[in-house]
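[1] sequence first, then the predicted structure, then my questions.
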2 protein chains.
Amino acid sequence: MFDDDKGKTDGVAQPGASKRILRQPSIKDIARIARVSHPTVSRALQNSPLVNAKTAERIRKIAKESGYRASAVARGLVTRRTRTIGLVVTSIADPFTSEVVSGIEQTANDHGYSVYLADSNADPRREQKIVQAFAEQRVDGIIVTSSRVGALYLPLLSEMMVPIVLINDQHPGAFVHSVMIGNVEGVRVVAEHLVGLGHRRIAYIGDQYGYQSDTERFAGYREALEAARIPVLPELVVRGDGKPEAAMHAMDELLALSHPPTAVCCYNDMTALGAMRSIHMHGLSVPDEISVVGFDDLFVASYTQPPLTTVRQPMRRMGQLAMENLIKLMSGEESVVRIKVKPELVVRESTARVKKRYGKTARR
Amino acid sequence: MFDDDKGKTDGVAQPGASKRILRQPSIKDIARIARVSHPTVSRALQNSPLVNAKTAERIRKIAKESGYRASAVARGLVTRRTRTIGLVVTSIADPFTSEVVSGIEQTANDHGYSVYLADSNADPRREQKIVQAFAEQRVDGIIVTSSRVGALYLPLLSEMMVPIVLINDQHPGAFVHSVMIGNVEGVRVVAEHLVGLGHRRIAYIGDQYGYQSDTERFAGYREALEAARIPVLPELVVRGDGKPEAAMHAMDELLALSHPPTAVCCYNDMTALGAMRSIHMHGLSVPDEISVVGFDDLFVASYTQPPLTTVRQPMRRMGQLAMENLIKLMSGEESVVRIKVKPELVVRESTARVKKRYGKTARR
DNA sequence: TTGTAGGCGTTATCAT
DNA sequence: ATGATAACGCCTACAA
């Protein structure tokens, strides 16, 4: 079957047919069965008006019955467009990332794009390999989410001559197109919320890798405190790594202070998770003794005990925006360079008015 | 540049070179510059021993300098293998799924495979489109994780003549190759744990869609109870949807009973999250008044308050196993048909010995 | 050790 | 409205 003895065997892959089928039907197989040339088949399948309605119908029927699927790889070779994008993430298992990816994938799919997913694990060498693979696959565009080592390979990307969109770029300025959240504003608002509840000893648990997002969030924290004329005390600024484990230790430090904070501003929700765990392990209560706020509004933020006050980052939406932007760029349109998304304060139950008893040592 | 005026312009895409480059260099461009034929370039780049060491070195140098990347699409067309796999998930934002995907992606990458990710959102029509896209991309293999509507499109998949591996197949028997967890055993063990703590009124919050995994987990619950001669009471068996929200309502029902349970066995960790939330909202305490157990051991299980006793499902490992299995199948080897992974009980702090006071109404 | 020729399955460009 | 023919970029014979 599918050999070249013209017309002799019209045997085409029928569902459940012979086991001896060697390959999927090609456009020529369909053409032979329909007794037309293969360009005609091509036209019919693309609903070109240039082909007789009746023959077109017949061709489509045959194609369907034989389970014919045009090869995207052959098409890609001639059209020089694969309708494929590459997506680089630092960790797909991270809840933030997976939400973003969900938004990207949905949008891509809706527009007929397939997406290659690659997880760098924040390993530069792996990122190199990924980019190389994307180049070889001839992707039409690339999205990179919160790369930690972006600067290392971004020059490489520029060689590929395909548009790139970054999400939560950690190296602003290096690239043009990006989607990002208002980090400064977000933390400022949530810190103001704490100040408004009477807190004066407000700690910040940041990230130790010096990311742009951490720098910005810390700036928001600082702004809110300075606006309230509260000094930013070095002993109240500690560092985790954006994950619960390290945040626990950071919180332990804070609680070992002679005057522990009455509230804690966390770099993200994962950090808040660890902070709350530490607080509970010290037999203290959230928010009665210490208020805690996060950033991201991950799914779990609604289900911690108590539910977490945090800053919502519209993750799926950001993925969608990045993809929509990339689609524009891929079709040659120039597009918005830098999309900044507004954060939103979500007040739940991990924050409360500061207790008098505890608050007496504030300000120093 | 890259036009056909032989040898006249050796201009190849140098990083940062002219903006007028129209396309990436092809193997012929490299051949022309190196003054060899393109098959020789091909051989050199594949480290074939058939090419003179010196020329090979020269070719590789030129290829590198011009940023040449062999086109996987052209190669795929001639070799009929794309070194690409398709991955269908029902929801990438689900923490369970994203862990599994992480394992798959890592393994695929290590073996030189690229992965297409597609999220069906549990929508049958979308799944159809996904499979069609995978067929057109000529993927070498497919992995499907916990499909809800698997039966609908699996026949379609079989037309594609590529190997398929299912993870946590919800339609056992329909397909050959799968990786799954020991559901019955897992829940039996965790339910026995509850029985061992003196619990007699043990509820089960299941899943309403009649998945195989729910059926099996319920069977484990039943086995443990029957072994302890505890009747399975219908009013203690309720249904959520595998997510916290619905589980809250299910737990509400349970708490409205005249004799509420002293322990709750949940279909998964997400369900447990909702159950605990409901319990807390009723002013009750876990585990003092009610013990709660989950299934999966998601990342968050360690950071709930109290930390959740659960059954560990080695998610990344399962993804890895599925991918390794698929790789074998793709290279023509026959492979293990059904891989069953052992669950592991993880005892944390959401379970405790039943209180006398509360326990007096047990057994009825 | 290297080069020539052919073909993979499409779409695009011409004719007719 | 349709067909013949030529790419697309690579690999694999086979020839030299």
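    Cool, the structure landed.
[2] now do A:Ile30 against B:Val238, distance only.
    54 Å (Cβ to Cβ, to the nearest Å). Heads up, the C-betas are built off the backbone N, CA and C, glycines and all.
[3] center of chain A - which residue?
    A:Val100 (3.2 Å; Cα atoms, centre = their mean).
[4] quick check: phi and psi at whichever residue of the stretch 151-300 of chain A sits closest to DNA strand C.
    Here the stretch 151-300 of chain A gets closest to DNA strand C at one residue, A:Val162, 18.7 Å apart by Cβ to the nearest atom of the strand. The phi/psi pair for A:Val162 (degrees, to the nearest 10) reads phi -120, psi 150.
[5] how about A:Tyr221?
    The phi and psi values for A:Tyr221, taken as degrees, to the nearest 10, are phi -60, psi -50.
[6] hang on, the earlier thing: against which helices or strands is the strand or helix carrying the residue nearest to the centre of chain A packed?
    Using DSSP states H and E, A:Val100 falls within helix A:95-110. For helix A:95-110, the elements it packs on are strand A:84-89, strand A:114-119, strand A:141-145, helix A:315-330, helix B:95-110, strand B:114-119, helix B:124-137, judged by 3 or more Cβ pairs under 8 Å, 6 or more residues apart in numbering or on different chains; DSSP states H and E.
[7] distance to DNA strand C and mean pLDDT for these - can I get that in a markdown table?
    Below are the helices and strands packed on helix A:95-110 laid out as a markdown table (distance: least, Cβ to the nearest atom of the strand, whole Å; pLDDT from 0 to 100):
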| stretch | distance to DNA strand C | mean pLDDT |
| --- | --- | --- |
| strand A:84-89 | 15 | 97 |
| strand A:114-119 | 15 | 98 |
| strand A:141-145 | 19 | 93 |
| helix A:315-330 | 16 | 97 |
| helix B:95-110 | 24 | 97 |
| strand B:114-119 | 18 | 98 |
| helix B:124-137 | 8 | 89 |
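[8] those: which one's closest to B:Thr309?
    Minimum separation from B:Thr309 across the helices and strands packed on helix A:95-110 (Cβ to Cβ) falls at helix B:95-110, 17.7 Å.
[9] that closest one: which residues count as buried?
    B:95-109 (16 or more other Cβ atoms under 10 Å in any protein chain shown).
[10] render the CA-only coordinates of it in PDB, please.
    Extracted as PDB, the C-alpha positions of helix B:95-110 are listed here (Å, rounded to 0.1, in the frame of the first residue of the first chain):
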ATOM      1  CA  PRO B  95      -0.600  21.100  40.700                       C
ATOM      2  CA  PHE B  96      -0.700  17.300  40.200                       C
ATOM      3  CA  THR B  97      -0.500  17.700  36.400                       C
ATOM      4  CA  SER B  98       2.300  20.200  36.400                       C
ATOM      5  CA  GLU B  99       4.500  17.900  38.500                       C
ATOM      6  CA  VAL B 100       3.900  15.100  36.200                       C
ATOM      7  CA  VAL B 101       4.600  17.300  33.200                       C
ATOM      8  CA  SER B 102       7.800  18.400  34.800                       C
ATOM      9  CA  GLY B 103       9.000  14.800  35.000                       C
ATOM     10  CA  ILE B 104       8.000  14.200  31.400                       C
ATOM     11  CA  GLU B 105       9.600  17.300  30.000                       C
ATOM     12  CA  GLN B 106      12.900  16.700  31.800                       C
ATOM     13  CA  THR B 107      13.200  13.200  30.600                       C
ATOM     14  CA  ALA B 108      12.200  14.100  27.100                       C
ATOM     15  CA  ASN B 109      14.700  16.800  27.000                       C
ATOM     16  CA  ASP B 110      17.400  14.600  28.300                       C
END
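[11] redo the helices and strands packed on helix A:95-110 as CSV? Include distance to B:Arg43.
    Shown next, in CSV, are those (distance: least, Cβ to Cβ, whole Å):
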stretch, distance to B:Arg43
strand A:84-89, 28
strand A:114-119, 28
strand A:141-145, 30
helix A:315-330, 34
helix B:95-110, 26
strand B:114-119, 24
helix B:124-137, 28
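[12] out of those, nearest to B:Glu289?
    Using Cβ to Cβ, the nearest of these to B:Glu289 is helix B:95-110, at 27.5 Å.
[13] show me where chain A has helices.
    Along chain A, counting by DSSP state H, helices occupy A:27-34, A:38-45, A:53-65, A:72-79, A:95-110, A:124-137, A:150-159, A:183-196, A:212-227, A:244-256, A:269-281, A:315-330, A:356-359.
[14] what pLDDT does A:Pro244 get?
    pLDDT, A:Pro244: 97.
[15] same question but for A:Thr9, I mixed them up
    So A:Thr9 comes in at 34 (pLDDT).
[16] for A:Leu254, same thing?
    98.
[17] the closest residue to it other than its chain neighbours: neighbour count?
    Distance criterion Cβ to Cβ, 6 or more residues apart in numbering or on different chains; nearest residue to A:Leu254, sequence neighbours excluded, is A:Ala203 at 5.2 Å. Residues contacting A:Ala203 under the criterion other Cβ atoms under 10 Å in any protein chain shown number 27.
[18] just checking, A:Ala203 touches A:His259?
    No: using Cβ atoms under 8 Å, A:Ala203 makes no contact with A:His259, being 10.8 Å away.
[19] what's A:Ile339 in contact with, if anything?
    A:Ser178, A:Val179, A:Met180, A:Leu321, A:Ala322, A:Asn325 (Cβ atoms under 8 Å, 6 or more residues apart in numbering or on different chains).
[20] repeat that for A:Ser331.
    For A:Ser331, the contact set (Cβ under 8 Å, 6+ apart) is empty.
[21] thinking again about what came up before, export the helices of chain A to CSV and tack on distance to DNA strand D?
    As requested, the helices of chain A are exported to CSV (distance: least, Cβ to the nearest atom of the strand, whole Å):
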stretch, distance to DNA strand D
helix A:27-34, 7
helix A:38-45, 4
helix A:53-65, 4
helix A:72-79, 3
helix A:95-110, 24
helix A:124-137, 8
helix A:150-159, 15
helix A:183-196, 42
helix A:212-227, 37
helix A:244-256, 45
helix A:269-281, 43
helix A:315-330, 18
helix A:356-359, 68
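[22] need those helices in TSV with distance to B:Thr309, can you?
    Shown next, in TSV, are these (distance: least, Cβ to Cβ, whole Å):
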stretch	distance to B:Thr309
helix A:27-34	58
helix A:38-45	57
helix A:53-65	53
helix A:72-79	48
helix A:95-110	22
helix A:124-137	35
helix A:150-159	40
helix A:183-196	33
helix A:212-227	34
helix A:244-256	18
helix A:269-281	16
helix A:315-330	30
helix A:356-359	33
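[23] among the ones you listed, which comes closest to B:Asp269?
    Across the helices of chain A, B:Asp269 has its closest neighbour in helix A:95-110 (13.1 Å, Cβ to Cβ).
[24] who touches stretch A:67-75?
    With Cβ under 8 Å, 6+ apart, stretch A:67-75 has contacts from A:12-15, A:24-27, A:29-30, A:45, A:62, A:82-83, B:73, B:76-77, B:82, B:132-133, B:135-138, B:159.
[25] quick check: bridge partners of the residue nearest to A:Cys265 when sequence neighbours are not counted?
    Computed as Cβ to Cβ, 6+ apart, the closest residue to A:Cys265 that is not its neighbour in sequence is A:Tyr204, at 4.8 Å. Listed beta-bridge partners, A:Tyr204: A:Val237, A:Cys265 (assigned using DSSP bridges).
[26] number of nearby residues for A:Tyr204?
    26.
[27] so it sits right up against A:Val237, yeah?
    Yes: between A:Tyr204 and A:Val237 there is a contact under Cβ under 8 Å: 4.9 Å.
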